[in-house]
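K.L.:
Kindly generate the corresponding structure for this input.
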Amino acid sequence: GCGPPLKVPLEDDFACAGSGAAMWSLVGAAEGPAWAIDGTPSAPGYTSPLCSLNFNDGKNYTCAPGQEAVKGTATSHWIDMSGQDSGAKTIVSFKLAGAWELGNWDRLQLLGTTDGESWQLIQELEHSQPFTWHKHAINIGAYSGSKFRLRFSFDTTDCFDNSAPGPFIDDLKIAVPPCA
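P.N.:
Sure, this is the predicted structure:
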């Protein structure tokens with residue numbers, strides 16, 4: 001399904017002190033690495049002015065003393081796509097960079113929910129080359145026709161080899177492709 005382009009319900013370039021802080025709930029441990037909208041560390045940095053959504057402590061995502069793993073979530077506000085046909089193709093796109101252990105070690109996931117309690121995996125996210133920005137475009141049509149939230153979840157599962165800068169996300173947009 002396609003249709004006339006709708007007003008984009010979510011578009012965020014994660015500008016420093018911009019609307020991103022109000023659009024996202026950032027949750028992590030009281031100490032150590034957490035999700036933030038800032039410009040640190042400088043590499044890979046950001047693709048739009050000055051900041052990105054990233055998971056680290058300004059340098060890396062090394063566990064704080066006493067931690068067994070590091071984890072946190074960045075959750076969007078409620079996104080209203082109830083005016084869209086149920087199941088219609090809807091794309092969330094964003095740029096992703098950074099460095100973290102791949103496979104079953106450090107996990108970066110994109111999740112979705114329609115009730116705020118039960119989260120479904122949309123896609124496991126991995127980097128193909130550390131520090132290189134790559135655009136991702138993922139069909140989230142399962143959420144068309146409803147109100148939903150998106151969540152980026154990062155979980156190290158352990159405290160080994162966590163000295164990299166972690167994931168960086170920038171220029172996120174949700175769009176409904178026009179009819180061809």
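K.L.:
what about the protein, any weak spots by pLDDT?
P.N.:
1-9, 17-21, 179-180 (pLDDT under 70).
K.L.:
which residues in it form strands?
P.N.:
11-12, 24-27, 34-38, 52-56, 71-76, 79-80, 91-99, 107-113, 120-125, 134-139, 147-155, 166-175 (DSSP state E).
K.L.:
To residue 44, which of the ones you listed lies closest?
P.N.:
strand 91-99 (4.0 Å; Cβ to Cβ). C-beta: built from backbone N, CA, C; applies to glycine.
K.L.:
Tell me the buried residues in the closest one?
P.N.:
92, 94, 95, 96, 97, 98, 99 (16 or more other Cβ atoms under 10 Å).
K.L.:
now do stretch 160-172
P.N.:
162, 164, 165, 166, 167, 168, 169, 170, 171, 172.
K.L.:
Excluding chain neighbours, what is closest to the residue nearest the centre of the chain?
P.N.:
By Cα atoms, centre = their mean, the chain has its centre lying nearest to residue 152, at 3.9 Å. Once flanking residues are discounted, residue 152 sits nearest to residue 74: 4.5 Å by Cβ to Cβ, 6 or more residues apart in numbering.
K.L.:
May I see the buried residues of strand 91-99 arranged in a markdown table, with distance to residue 62 as well?
P.N.:
Listed next are the buried residues of strand 91-99 as a markdown table, based on distance: Cβ to Cβ, whole Å:
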| residue | distance to residue 62 |
| --- | --- |
| 92 | 30 |
| 94 | 25 |
| 95 | 25 |
| 96 | 21 |
| 97 | 19 |
| 98 | 15 |
| 99 | 13 |
